[in-house]
Structures are given as C-alpha cells and as structure tokens.
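*Asks:* coords below, sequence missing:
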C-alpha cells in the first residue's frame, strides 16, 4: 500500500514516519520524502489510527491526486533549497516539470488554485528562509550566500530579501545578533 504524507521535508521526517509505522507494527517497504510504502492493506479504522498518530507529529495523509502533486512540488522545492547543494541550471519551471513529469502550466495552475500563491513565490519564500538561516549562522558573507544559493549577485539577493521581509539582510542580521546576545546575557 502506498501512503502519501504531507509535511515531510527532511531526513528527520523520514525517520519520524518510519518510527511511527514501526510502532504500529506495519511492515515497511520504503519511506521517502512525501511517501511511504507498506506491505499491509489498511482498513478504514487502521488508516484513521495512522492518520491520528501522524498528525501528532505534524504530518498528514494525502488522499487525492491533486493533493499529492501539490505536496510533491513543495517537497522538491524544500529539498532543493534547504537540503541540496544543487543549483538548477535551467529555470525553475523546466526543472520542476522534469522532476515531476507534468507540464509546468498544469503544475502552476494547480498550485495557484489550491495554495493561493504561485510556485515562484513559494520558491522565493523558501530561498529567503534559507538566506535568513545562513545570515544567522554568520559563517558566509552575503556574496557567498548569493553564490551558494544561485543568485546572480548579492545585490539581487538583497533586493529580493527586502521585498519579502521588508528588511535588508544586514539589518535582519543585526536584529538577530541583538536577540542572540540578549538570550546569552540571561
């Protein structure tokens, strides 16, 4: 039986879902981002029990095809931005179409209809979140962050960051440093 699971975005999510399936004494064939395959066919009652246990961990079972496609889009983008060193050589639309084997127009329309935002805006939001993370770590310069995330320049990264957050990267970093110092002083 194939299970599609929403909100799986990292290796720890895979471990958490695997552990939950094992606790329910299910025989696992595989667990990957966004999906798991088990040997058993579950009854409605067993599916409800599984759904409840997954919800406690922040996951959800996805039943319909459209929901699975939306989750695949999100999973691929989150993995690309947060867990991969890959910098896409083509544009996002081509890369995503190749990954999911669907026409991008279909993916884009479906995503916008269900999520109320575009795939591009979701991608930008994920990239900005990664920039925030890297700024707080304070290990890379803005130019190095721009390079690592595939931005054409630090200026372009700064403009996009400000559009999304309303703050410059430098100001954001100074706020976070202040907060960190305050916590350390407690």
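*Replies:* Received the coordinates, thanks. Here the structure is a predicted model, which means the values were calculated and not measured.

*Asks:* pLDDT averaged over the host helix or strand of residue 46 - what is it?
*Replies:* Assignment of secondary structure by DSSP states H and E places residue 46 within helix 44-56. Confidence over helix 44-56, taken as the mean pLDDT, stands at 89.

*Asks:* list the contacts of it.
*Replies:* When contacts are taken as C-beta atoms under 8 Å, 6 or more residues apart in numbering, the neighbours of helix 44-56 outside the stretch itself are 3, 5, 17, 20, 21, 23, 24, 26, 40, 42, 60, 61. In short, each C-beta sits where N, CA and C put it, glycine included.

*Asks:* now do stretch 157-174
*Replies:* Stretch 157-174 is touched from outside by 124-125, 127-128, 131-132, 135-136, 138, 142, 145-146, 149, 151, 175, with contacts defined as C-beta under 8 Å, 6+ apart.

*Asks:* now, which of these sits nearest residue 74?
*Replies:* Proximity of the contacts of stretch 157-174 to residue 74, judged by C-beta to C-beta, is greatest for residue 125, which lies at 10.9 Å.

*Asks:* nearest the geometric middle of the chain, what residue?
*Replies:* Within the chain, one residue has its C-alpha closest to the average C-alpha position: by C-alpha atoms, centre = their mean, that is residue 78, at 2.7 Å.

*Asks:* test my guess that that residue contacts residue 126.
*Replies:* Yes - with the criterion set as C-beta atoms under 8 Å, residue 78 and residue 126 qualify as a contacting pair; they are 6.1 Å apart.

*Asks:* in the helix or strand hosting residue 74, what counts as buried?
*Replies:* Secondary structure assignment for residue 74, by DSSP H and E: helix 65-78. Neighbour-count burial for helix 65-78, counted by 16 or more other C-beta atoms under 10 Å, picks out 67, 68, 69, 70, 71, 72, 73, 74, 75, 76, 77, 78.

*Asks:* again, but for stretch 147-162
*Replies:* Residues of stretch 147-162 classed as buried by neighbour count (16+ other C-beta under 10 Å): 147, 151, 154, 157, 158, 160, 161.

*Asks:* can you add secondary structure, distance to residue 88 and pLDDT and give those residues back as JSON lines?
*Replies:* What follows is the buried residues of stretch 147-162, written out as JSON lines (DSSP: H, G, I helix; E, B strand; the rest coil; distance: C-beta to C-beta, whole Å; pLDDT from 0 to 100):
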{"residue": "147", "secondary structure": "helix", "distance to residue 88": "14", "pLDDT": "92"}
{"residue": "151", "secondary structure": "coil", "distance to residue 88": "12", "pLDDT": "91"}
{"residue": "154", "secondary structure": "helix", "distance to residue 88": "19", "pLDDT": "95"}
{"residue": "157", "secondary structure": "helix", "distance to residue 88": "16", "pLDDT": "96"}
{"residue": "158", "secondary structure": "helix", "distance to residue 88": "21", "pLDDT": "96"}
{"residue": "160", "secondary structure": "helix", "distance to residue 88": "16", "pLDDT": "96"}
{"residue": "161", "secondary structure": "helix", "distance to residue 88": "20", "pLDDT": "96"}
